[in-house]
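*Asks:* starting from these lines, generate the structure:
(one chain, ligands or ions: 2)
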Amino acid sequence: MTDSRAGNPVARASALRKIYGESPDPVVALDEVSLQVHAGEFLAVCGPSGCGKSTLLLTIGLLLRPDAGDLEIADQNIAELSPSRQSSFRAQNIGFVFQDFHLIPYLNVLENVLVPTLAQPLSDASARAEMLLEEMGLAARHDHLPSELSAGERQRTALVRALMLRPRLILADEPTGNLDRENADCVLNHLAHYSEVGGAVVMATHDEGAMMRAGRRVLMDKGRIVGSDDGGNKR
Ligand code: ADP
Ligand code: MG
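*Replies:* Residues are numbered from 1 along each chain as shown. Ligands and ions are numbered 1, 2, ... in the order given. I've put the predicted structure just below:
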């Protein structure tokens, strides 16, 4: 995470298009969406339910293939990667946080946050896990199962898991959707902090409080970007 904000974007999406289903009832979930996110940025993707926020994050996160358009992450043209390389590239460069946490129910907190290091070994995995869990106030929760945690603790565990491999890019899809205000603020503080130390963070949200914590906002409607508060994504 050494890019300066003036460098190349961590993620550059150009004219992404994604259509679900087929005629006569196709849903155009992404309609020529272009977006750039730089290191050090905290970007909120806003808009009503169904406008395409999750589809955009899944596409940028290489979990969904666009039907058209180009995607570059960390200077890598994604179309040039084989599916298996995409998977390791994703693990190395992208961390995900979801509204409903996606923790593995039969693994404890420590085991859950170490999952990314099974595929991508990390020399300081245990020390990093301990440090991040401590930072997130989860030091006393190592051996608890997700079912024994509050929603806030579950989301902080998911956040530690997303940060384990020091990804260039964090994608958070409605990360505060299941949290009370206090826990939401805590998660937003950690996302903001990750951008302040050089990460790129993209958060989909329709929560006004969450939107305002981001450094920049784009607004989606019906699969298109219809507005942004920086005068059109210029830098
Ligand atoms: P948001 O996250 O903003 O609520 P989504 O990206 O989930 O929006 O959905 C965008 C549109 O695509 C919606 O109309 C939704 O119903 C549709 N959609 C999402 N996922 C699928 C899918 N797997 N199959 C068909 N339609 C989908
Ligand atoms: Mg969504």
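*Asks:* which positions in the protein make contact with ligand 1?
*Replies:* Residues of the chain found near ligand 1 (CB under 6 Å from any ligand atom) are 20-21, 27, 29, 47, 49-55. Heads up, the C-betas are built off the backbone N, CA and C, glycines and all.
*Asks:* one more time with 5 Å, if that's ok
*Replies:* 20, 27, 29, 49-55 (CB under 5 Å from any ligand atom).
*Asks:* from those, list the buried ones, please.
*Replies:* Those of those that meet the buried threshold are 29, 51-55, by 16 or more other CB atoms under 10 Å.
*Asks:* so where do the strands sit in the chain?
*Replies:* In the chain, the strands defined using DSSP state E lie at 11-20, 27-37, 42-46, 68-73, 76-77, 94-98, 169-173, 200-205, 216-221, 224-228.
*Asks:* what residue lies at the spatial centre of the protein?
*Replies:* Taking CA atoms, centre = their mean, the centroid of the chain lies closest to Leu171, which sits 0.7 Å from it.
*Asks:* related to what we said a few turns ago, reformat the buried ones among the residues of the chain next to ligand 1 as JSON lines; add distance to Leu81 and pLDDT.
*Replies:* JSON lines is the format used below for these (distance: CB to CB, whole Å; pLDDT from 0 to 100):
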{"residue": "Ala29", "distance to Leu81": "23", "pLDDT": "97"}
{"residue": "Cys51", "distance to Leu81": "28", "pLDDT": "97"}
{"residue": "Gly52", "distance to Leu81": "24", "pLDDT": "97"}
{"residue": "Lys53", "distance to Leu81": "24", "pLDDT": "98"}
{"residue": "Ser54", "distance to Leu81": "22", "pLDDT": "97"}
{"residue": "Thr55", "distance to Leu81": "20", "pLDDT": "98"}
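*Asks:* ok, these vs Leu64, which is closest?
*Replies:* Set against Leu64, the nearest of these by CB to CB is Thr55 (6.6 Å).
*Asks:* got the contact list for the closest residue to that closest one other than its chain neighbours?
*Replies:* Spatially, and ignoring its direct neighbours in sequence, Thr55 is nearest to Ala29 (4.1 Å; CB to CB, 6 or more residues apart in numbering). Listed by CB atoms under 8 Å, 6 or more residues apart in numbering, the contact set of Ala29 reads 18-20, 52, 55, 223.
*Asks:* how about Glu135?
*Replies:* Contacts of Glu135 by CB under 8 Å, 6+ apart are His190.
*Asks:* from Ala192, how far off is the residue nearest to Thr55?
*Replies:* Ala29 sits 28 Å away from Ala192, going by CB to CB, to the nearest Å.
*Asks:* next one: Glu134
*Replies:* 19 Å.
*Asks:* those two: who's more crowded?
*Replies:* Using other CB atoms under 10 Å as the criterion, Glu134 and Ala192 rank with Ala192 on top: 15 against 12.
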